[in-house]
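Trainee: Turn this into a structure:
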Amino acid sequence: MSRTMIAVFLSAGLGFAGAAMAQMHSPMTYPTPLSKADHTQALKDADAQYKIAKKACESLSGNAKDICAAEATGNQKVAKAQAEAAYKHTPKAREQARVTYAEANYKVAIERCDDMAGNPKDVCVKEAKSALVKGKADAKVDRVATDANREAAATKTEARKDANEEKREAEYKVAVEKCDALAGAAKDACVSAAKSQFGMR
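Mentor: Numbers count the residues shown, from 1 in each chain. Got it, this is the predicted structure:
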């Protein structure tokens, strides 16, 4: 694999920097397994890109600088995780790459939430955590589904059930947090509606 191809590979799926809460709506794709040499080069390129991005943050200040730093670090970690996944070419490595991607998005989103205050900030934080839970849960489901060493059908069903429960609980917390913007009967009705929608007691 040429250095140009490696660079293209490393840039794939790293577009979360410009979005408040980029989320994975479809599984990330991986190229043919990397050779050891290409893997080593990919890791070096990730570090080099990080240094460039980090330096660009120096001209910023306040929360903008914090967001920039989180993006730079996130891109570096995601690039390395994707390189590992392409090199090892295993379901577990691919799962870890997706988890790393979800965690990087989460950290950037949390930094962006700092620009808010009050209930909007609380909702922003809950939404960021919800996206993180979903990203990890979906990564686990896909890994389990392709793991030939386990009983695929039964295990996938159980993993999906667990994932759906985690997602439902995370979404419920977001809904309840939004109710905090209300008061009195309106707030009570909002909470009751959230409980009913997500099957909570």
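Trainee: Break down the protein into its strands, ranges please.
Mentor: Ranges of strands in the chain, per DSSP state E: none exist.
Trainee: ok, which stretches of it are helices?
Mentor: Secondary structure of the chain, counting by DSSP state H: helices at 3-11, 36-57, 62-88, 91-113, 118-145, 152-179, 184-198.
Trainee: could you give the angle of the last one to helix 152-179?
Mentor: Using axes from the mean of the first three to the mean of the last three Cα atoms, to 10 degrees, the interaxial angle of helix 184-198 with respect to helix 152-179 works out to 170 degrees.
Trainee: likewise the fourth one?
Mentor: In terms of direction (the same axes, to 10 degrees), helix 91-113 departs from helix 152-179 by 0 degrees.
Trainee: re earlier: CSV please, covering the helices of the chain and showing mean neighbour count and mean pLDDT.
Mentor: Backbone N, C-alpha and C define where each C-beta goes, glycine included. Formatted as CSV, these follow (neighbours: other Cβ atoms under 10 Å; pLDDT from 0 to 100):
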stretch, mean neighbour count, mean pLDDT
helix 3-11, 15, 45
helix 36-57, 15, 94
helix 62-88, 20, 94
helix 91-113, 21, 94
helix 118-145, 19, 92
helix 152-179, 16, 87
helix 184-198, 13, 93
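Trainee: How about the contacts made by the nearest residue to C124 once chain neighbours are set aside?
Mentor: Among residues not flanking C124 along the chain, C113 sits closest, at 3.8 Å (Cβ to Cβ, 6 or more residues apart in numbering). Listed by Cβ atoms under 8 Å, 6 or more residues apart in numbering, the contact set of C113 reads 121, 124-125, 128.
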